[in-house]
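>>> Here is my input; please provide its structure:
(chains A and B)
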Amino acid sequence: MKLLIEISYLLSSVLFIFGIKKLSSPKTARNGNFLAAVGMLIAIVATLLDQHVLTYEWILLGFIIGATVGTIMALKVPMTGMPQMVGLLNGFGGGASMLVAYSEYYKIINFPQFTHDYQTSITIVLSILIGAVTFTGSLIAFGKLQGLVTGKVVRYPLQHPLNALLLLSVFVGGTYFVLNPELQWLIISIGIISLILGVLLVLPIGGADMPVAISLLNSYSGLAASATGFVLQNNELIIAGALVGASGIILTNIMCKGMNRSLMNVVLGGWESAGSTSSSAVVTNQKGQVKSVDAEELAMLFDAAESIIIVPGYGMAVAQAQHAVRDLVNVLEARGKKVRFAIHPVAGRMPGHMNVLLAEAQIPYDKMLAMEDINDDFPNTDIAFVVGANDVVNPAARHDKNSPIYGMPILNVDYAKTVVINKRSLNVGYAGIDNELFFYPNALMYFGDAKEAITKLVHEIKNY
Amino acid sequence: MEGVGLLMLIYVFVLAIFVGFELITKVPPTLHTPLMSGSNAISGITIVGAILSAGLHEFTVSTILGLIAVIFATINVVGGFLVTDRMLKMFKKK
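Take a look at the predicted model:
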């Protein structure tokens, strides 16, 4: 029986790997997700056959509650709420790892047949630390994205020394615990400190840095599973956790590159200027006039254009404007125009956020181009239409050495013949700086809520 | 002997990290959100440990912790795979 279980774990690990491999193309991705789910089912059934599993009622109860909650969450969440959803799921994974580590500890304490050694104690401490930080960190990330906790950069006194002290105390306490594993109060304290650490680490991270935070927490949730694998000496947990850990690290890296910032800079809390955003009144008075257009003029402009690139940003998600954007694409294509999307790696609140929203609005994925694939096309484009994006199209990133976003890769919308920017106001973006693009001679502002404004534009184009 | 056992686990961990890097770098940016939710569901593999904790013969504090862990991990697994499927269903070519 033991051999059968081990073989099942091996099969399950292979299915996970195949599943992720199939995610390399949108054609096979759904199938890949299914394979991974089958792998999970095999692992669960195999575990139920384990000789240590003697009572089933608690497991069954857990399955029923968990599956009900999970199903409701998965079916109810709107596509715009996907960052929160992933944040919350990360948290549950981390929480489970922490609880399993504690449960293992109490098994060792209460039952003579479970022996402990240094290895077990060390891995229990690590599992609790990573699991707890993932748990509370993800809950805070969820709260920020859901608007329950402030999305701003939060600073508190002695921020860095305090975090360093907490982490240090976990390591010192952990070492002491490994030498004296009978100290229950110690391992409980380590857990509590780790939970506090999770809150304090994510709290300072501002809204637009969330793609990094979510990716990083994703990575932690994988590492937490791996750590649990070390506690249980189970290869499958180690493999699956490592795959997820690697995934999160790669995404974190892509997000940091997309902002031209180091991971430390993001984790330690925000752009320098982000705390003191200037008001919109100050913005308008210097660099001359911005030109604004109404829907009718814009319809004329679109009618004359041949190629159009739409640049979506977080503002599109907030306004739920993806369906209006789809209608715009449809009327423009019906008039024989070439319409494509340029997507910046950090647009939105998580990696790939814009793509999911556009896919929801039934926009084919081959129209969504990554920054490096489309940036050279802007000079040959009649209209670049920016919907709710700001910092990722700010040309100051290219030339202004004093700008906090200097060096960040941007979409070269200003190279298009005309740039139309849909925005609610002239307010600054997340980085808290003016966008000189708005004052460029080829730039036109189209003010209004993205959904209403674009719906109006579609109407005007149809009537033109 | 015990040290060798730990080393074997570390071997597996390190090799799996490399496999992960190879696989994930091939995922296109357009699928990064489903990648996160899908890989997230996979990290729910902790459910294996949760089952072992909740299925003990004697009812102890380990069982209670195990039960909560099973709930958390099941939410993670079921919610993760379902929501990923929901998203991937939408990705269509013209």
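
>>> next helix or strand past the least confident helix or strand in chain B by mean pLDDT?
Of all helical and strand segments in chain B, the minimum by mean pLDDT, DSSP states H and E falls on helix B:2-24, at a mean of 91. Downstream of helix B:2-24, the first helix or strand assigned by DSSP states H and E is helix B:32-43.

>>> And the residue nearest in space to the middle of chain B, how close does it get to A:Gly248?
Centroid-nearest residue in chain B, with C-alpha atoms, centre = their mean: B:Ser43, separated by 1.7 Å. The spacing between B:Ser43 and A:Gly248, counted by C-beta to C-beta, to the nearest Å, is 9 Å. C-beta coordinates here come from the backbone N, C-alpha and C atoms, glycine included.

>>> Same question for B:Val19.
According to C-beta to C-beta, B:Val19 stands 15 Å off from A:Gly248.

>>> the more surrounded of the two?
Per other C-beta atoms under 10 Å in any protein chain shown, whichever of B:Val19 and A:Gly248 has more neighbours is A:Gly248, with 28 against 18.

>>> who touches that one in this structure?
Contact analysis of A:Gly248 by C-beta atoms under 8 Å, 6 or more residues apart in numbering or on different chains lists A:215-222, B:36, B:39.

>>> before we move on, back to that, check whether the least confident helix or strand of chain B comes near chain A.
Yes: using C-beta under 8 Å from any C-beta of the partner chain, helix B:2-24 reaches chain A at B:2, B:5-6, B:9, B:12-13, B:16-21, B:23-24.

>>> which one among the residues you listed gets closest to A:Ala443?
Distance ranking of these against A:Ala443, using C-beta to C-beta, places B:Ile24 first at 37.8 Å.

>>> Could you double-check that the closest one lies in contact with A:Lys21?
No: the pair B:Ile24 / A:Lys21 is not scored as a contact, 9.8 Å apart, by C-beta atoms under 8 Å.

>>> Between those two, point out the one with more neighbours.
Counted by other C-beta under 10 Å, B:Ile24 and A:Lys21 do not tie: B:Ile24 has more neighbours, with 24 against 18.

>>> For the more buried one, list the residues it contacts.
A:20, A:243, A:246-247, A:250-251, B:35.

>>> Pull out the buried positions in whatever helix or strand A:Val100 lives in.
In this structure, A:Val100 sits in helix A:82-110 according to DSSP H and E. For helix A:82-110, the buried set under the neighbour-count rule, 16 or more other C-beta atoms under 10 Å in any protein chain shown, comprises A:82-109.

>>> Assess the claim that B:Ser62 and B:Ala50 are in contact.
No: using C-beta under 8 Å, B:Ser62 is not in contact with B:Ala50, being 10.9 Å away.

>>> quick one: which of these two has more around it?
Using other C-beta under 10 Å as the criterion, B:Ser62 and B:Ala50 rank with B:Ala50 on top: 32 against 27.

>>> Tell me, how many residues neighbour the residue found closest to that one once you drop the neighbours it is linked to in the chain?
Excluding the flanking residues, the one nearest B:Ala50 by C-beta to C-beta, 6 or more residues apart in numbering or on different chains is B:Ala69, at 3.6 Å. If you count neighbours by other C-beta under 10 Å, B:Ala69 ends up with 33.

>>> The host helix or strand of A:Ile421 packs against which elements?
In the assignment (DSSP H and E), A:Ile421 maps to strand A:418-423. For strand A:418-423, the packing partners by 3 or more C-beta pairs under 8 Å, 6 or more residues apart in numbering or on different chains; DSSP states H and E come out as helix A:295-304, strand A:383-387, strand A:443-447, helix A:450-463.

>>> from the chain's centre, how far out does the next helix or strand after the first one sit?
Past helix A:295-304, heading to the C-terminal end, the next element that is a helix or strand (DSSP H and E) is strand A:307-312. Its chain's C-alpha centre lies 24 Å from the corresponding centre of strand A:307-312 when counted by C-alpha atoms, centre = their mean, to the nearest Å.

>>> Tell me which other helices or strands the helix or strand hosting A:Val38 touches.
If you go by DSSP H and E, A:Val38 is part of helix A:26-48. With contacts defined as 3+ C-beta pairs under 8 Å, 6+ apart, the packing partners of helix A:26-48 are helix A:2-21, helix B:32-43, helix B:47-54, helix B:80-90.

>>> how about those in TSV, adding distance to A:Asn234?
Shown next, in TSV, are those (distance: least, C-beta to C-beta, whole Å):
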stretch	distance to A:Asn234
helix A:2-21	7
helix B:32-43	14
helix B:47-54	6
helix B:80-90	20
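
>>> Nearest approach to A:Glu360 belongs to which of the ones you listed?
For A:Glu360, the closest of those is helix B:80-90, at 5.4 Å, according to C-beta to C-beta.

>>> where exactly do the helices run in the stretch 151-300 of chain A?
Assigned by DSSP state H, counting those that start in this stretch, the helices in the stretch 151-300 of chain A fall at A:159-179, A:184-202, A:210-232, A:235-259, A:263-267, A:280-284, A:295-304.

>>> could you give me the average pLDDT of the strand holding A:Ile421?
Strand A:418-423 shows a mean pLDDT of 94 in the predicted model.

>>> now that strand: how far from the chain's centre is it?
Worked out by C-alpha atoms, centre = their mean, strand A:418-423 lies 26 Å from the chain centre.

>>> Quickly run through the sheet partners of it, with directions.
Using DSSP bridges, strand A:418-423 pairs in its sheet with strand A:383-387 (parallel), strand A:443-447 (parallel).

>>> tell me the mean pLDDT over the first one?
So that's strand A:383-387. On average, strand A:383-387 scores 96.

>>> orientation of that strand relative to strand A:307-312 in degrees?
Inter-element angle recorded for strand A:383-387 and strand A:307-312: 20 degrees (by axes from the mean of the first three to the mean of the last three C-alpha atoms, to 10 degrees).

>>> residues in contact with strand A:383-387?
By C-beta under 8 Å, 6+ apart, strand A:383-387 touches A:301-302, A:305, A:307-313, A:315-316, A:321, A:325, A:342, A:378, A:393, A:411, A:413-414, A:416-423, A:450, A:454.

>>> hang on, B:Gly49 packs against A:Gln233?
No: contact between B:Gly49 and A:Gln233 fails when scored by C-beta under 8 Å: they sit 10.8 Å apart.

>>> which one of the two has more residues nearby?
The neighbour count for B:Gly49 versus A:Gln233, taken as other C-beta under 10 Å, is higher for B:Gly49 (29 against 15).

>>> The residue nearest to that one when sequence neighbours are not counted: what's it in contact with?
Leaving aside its chain neighbours, B:Gly49 sits nearest to A:Val100 (3.9 Å; criterion: C-beta to C-beta, 6+ apart). Neighbour list for A:Val100: A:127, A:131, A:228, A:231-232, B:46, B:49-50, B:53, B:65-66, B:69 [criterion: C-beta under 8 Å, 6+ apart].

>>> how about 7 Å then?
The contact partners of A:Val100, by C-beta atoms under 7 Å, 6 or more residues apart in numbering or on different chains, come to A:228, B:46, B:49-50, B:53, B:69.

>>> Which single one of these is nearest to A:Ala37?
B:Thr46 (15.8 Å).

>>> how many other residues sit next to the closest one?
Counted with other C-beta under 10 Å, B:Thr46 comes out at 37.

>>> Surely it touches A:Thr228?
Yes: counting by C-beta atoms under 7 Å, B:Thr46 does reach A:Thr228; the two are 5.2 Å apart.

>>> Can you work out which residues contact both of those two?
Going by C-beta under 7 Å, 6+ apart, residues that sit against B:Thr46 and also against A:Thr228 are A:97, A:100, A:237.
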